[in-house]
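S.K.: My questions are about this predicted structure, shown below with the sequence.
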Amino acid sequence: MNKKENNHVVMAQGIVKEYREDKVPVKALRGIDLTIDEGEFTAIVGPSGSGKTTFLNVISGLDDATGGSVRLSGKLLSEMSGKELSDFRRDNIGFIFQSNNLIPVLTVEENVEYVMLLQGVPKKERHERVKKILADLGLEDMADRRPNRLSGGQQQRAGVARAMVSKPALVLADEPTASLDSEAAESLMEIMRELNEKSKITFIFSTHDQRVMKKARRLIVLKDGKVDRDEVKG
Amino acid sequence: MMFKIALRNIFRRKRRSIITMLTMFVGFVLAAISIGWSDGTYNNIIDSFTRNRLGHIQIHSQGYLDKPSLYKNIENYDSLRNVIADIAGVEFTTPRLFASGLASLNDKSAGVRIIGVDPEIESRATHLDRKVAEGRYFSAQPSNKALLGRGLAKILKASVGDTIVIISQAADGSIANDLYAVFGIVESGDKMEDRASFYLHLEDAQQLLVLQNRIHEIAVICDNLADVPQTSAGIEEALNDSGLDVATWKEFAKSFYRAMRADKEGMWIMLVVILIMVAVGVLNTVLMSVLERTHEYGVLRALGTAPGQVFRLVIIEVLIIAVAGVIIGCGLSYLINDALSAHGVPLPETFTYGGVEFKRMYTEVNLRSFYIPALSVVVSAFLVSIFPAVKAARIPPAQAMRSV
């Protein structure tokens, strides 16, 4: 990912997202202006329905904004075709979802390898990187297992491994700890924080878990689709 | 990787995959048997019609087929026969002489078609001897004996041993007339033809019509119906005579050929019905599958899988099932078609088509009874999968991941 001037990885200007539910327009985002720089470990927080997931979807190009613009590393998402967006996500963004984020017919190893396959990384390098990250996340013994044979925490760690293994510039995590018990949640946040510090990867995650919020260095609070507070911890 | 995911998805929902495959398999088998049956039946009818009566190929003097005439005849049959016999695919050649005449017995008379045949060759080529229902077949030497079609015998109230007077026009312009003893009654299977057929020994006919050593037609029986066009081209090239017309059964039996083609169209209608059945079944299961896996497609798209790759994933899955259905279908279809081609199926009632009586029908094992259903099943499965595949590829990732 090319770095934009001022190291802005994400630059969102006046983002509006409007859904239609039973023909009734619902505004999920009401004009969000934000910049997130390289290496940040940022939490998007707020109550349910505040627009956290929608915001992550819009800044990653998984969903279109109704208004405003999103630039990722200087590139305007609205100018990209579906294929270009896919390629951009593949090469630059790692995703960690709340749950059900692994491909059920692939083993842990194959799931982690998947994005690198799309990227065309040579087989030997793929295997080395998969092996290393699974070891780093304590999943080396689970490599041959299918997701349905993993616990929730193991599945999330496998999701983290998949998001990180391709060395993306930006990792977006939507409520990564929501389906985990407190111990697993703590462990996952430690892993993410460590990867952020070691690799300088930008992390943006949504959460409403107080323990997770404590780990973040920047806290963006959304309320009714708007930025209510934007705090950087010392 | 897409192939791996597709293959594993098939095994993931075994029951659905088996139902989808069974739909394709049953469609394939039905189509393969239909084509084998259709080809077997029609080739059987065509071969019987041509082999037992008309011949697969006929050679006439130029213009005879369009406007038959006593004077449009062939003189050098013996030398032509030797040339034709050397052509690959030729089994028999048999000479024939035709004329119209009036037959009388006591106070009855009827218009007849005089057919002069070489008894020995005709019996080998078209088995005319086996069609003699009463009396006896010709002897090798000409002896003013005649064979009458069953219908003609009825009209004239003639029976074996009666003497019939024939009047016709001879080639020299004189009135041809002679007496012939009824030696046998022929049932060719074609009642219309039997109402006028008056068979004579070729030499007797030539003498009556003053056409010594001349004939009107050389009927050629081929080894194999499928090779008739090549054999016909070979004969035409070997004869190299612009004064002779070489025609295949499709040309000299046009109405029969058209009737056969029209009947064969029915096979395509059946094939379309079978394919619609397959298509509806496949569309239903693939749509269900896509709907069920919407979340997964969303995850794949979010990870950077291009829309085209998701499209391919759905298509590959369907094609794997289709190919498996076709392969298994090939095995069963072959066994069924092979058994039916060897033993046939007895008909509840015999029927006559083109003057030939059929008691048992046979299928045919041929390449097209495999590749037409195979292509049809695979292509129709592919076509009906396009819509669900496009749906899976185009769904916005965020929306897809919201579905459970």
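M.R.: That came in fine, so what should we check first?

S.K.: Does residue A:186 touch residue A:210 like I think?
M.R.: No - using CB atoms under 8 Å, residue A:186 makes no contact with residue A:210, being 12.0 Å away. Every C-beta, even on glycine, is put in place using the N, C-alpha and C of the backbone.

S.K.: okay, those two: which has more neighbours?
M.R.: residue A:186 (15 against 8; other CB atoms under 10 Å in any protein chain shown).

S.K.: who's in contact with that one?
M.R.: By CB atoms under 8 Å, 6 or more residues apart in numbering or on different chains, residue A:186 lies in contact with residue A:211.

S.K.: can you tell me how far it sits from residue B:43?
M.R.: With distances taken as CB to CB, to the nearest Å, residue A:186 is found 79 Å from residue B:43.

S.K.: Mind checking the pLDDT average for stretch B:12-27?
M.R.: For stretch B:12-27, the mean per-residue pLDDT is 88.

S.K.: Which positions in that stretch come out as buried?
M.R.: Using 16 or more other CB atoms under 10 Å in any protein chain shown as the test for burial, stretch B:12-27 gives B:13, B:16, B:17, B:20, B:21, B:23, B:24, B:25, B:26, B:27.

S.K.: Can you tell me which of these end up in helices?
M.R.: B:16, B:17, B:20, B:21, B:23, B:24, B:25, B:26, B:27 (DSSP state H).

S.K.: Going by distance to chain A, which of the residues you listed wins?
M.R.: residue B:17 (12.6 Å; CB to the nearest CB).

S.K.: Determine which two of the ones in helices among the buried residues of stretch B:12-27 are furthest apart.
M.R.: B:16 and B:27 (16.8 Å; CB to CB).

S.K.: buried ones in the single longest helix found in chain B?
M.R.: Counting by DSSP H, the longest helix found in chain B is helix B:254-292. Neighbour-count burial for helix B:254-292, with 16+ other CB under 10 Å as criterion, is recorded at B:256-257, B:260, B:267, B:270-271, B:274-275, B:278-279, B:281-283, B:285-287, B:289-290.

S.K.: these two touch, right, residue B:21 and residue B:327?
M.R.: No - assessed by CB under 8 Å, residue B:21 is found out of contact with residue B:327, at 10.1 Å.

S.K.: Pull the contacting residues for residue A:173.
M.R.: So residue A:173 contacts A:95, A:96, A:97, A:163, A:192, A:203, A:204, A:205, A:206 (CB under 8 Å, 6+ apart).

S.K.: Tell me, how many residues neighbour residue B:57?
M.R.: When neighbours are counted by other CB under 10 Å, residue B:57 comes out with 29.

S.K.: And the one 10 residues further on, by the same measure?
M.R.: Burial of residue B:67, expressed as a neighbour count using other CB under 10 Å, amounts to 7.

S.K.: just residue A:71 next, same as before
M.R.: Count around residue A:71 with other CB under 10 Å applied: 19.

S.K.: What distance do you get for the closest residue in space to it that isn't next to it in sequence to residue B:61?
M.R.: Leaving aside its chain neighbours, residue A:71 sits nearest to residue A:11 (4.2 Å; criterion: CB to CB, 6 or more residues apart in numbering or on different chains). As defined by CB to CB, residue A:11 lies at a distance of 94 Å from residue B:61.

S.K.: wait, what's in contact with the closest residue to chain A within the stretch 1-150 of chain B?
M.R.: The nearest approach of the stretch 1-150 of chain B to chain A comes at residue B:8, 3.6 Å away (CB to the nearest CB). Remark: with contacts taken as CB under 8 Å, 6+ apart, residue B:8 is in contact with A:105, A:106.
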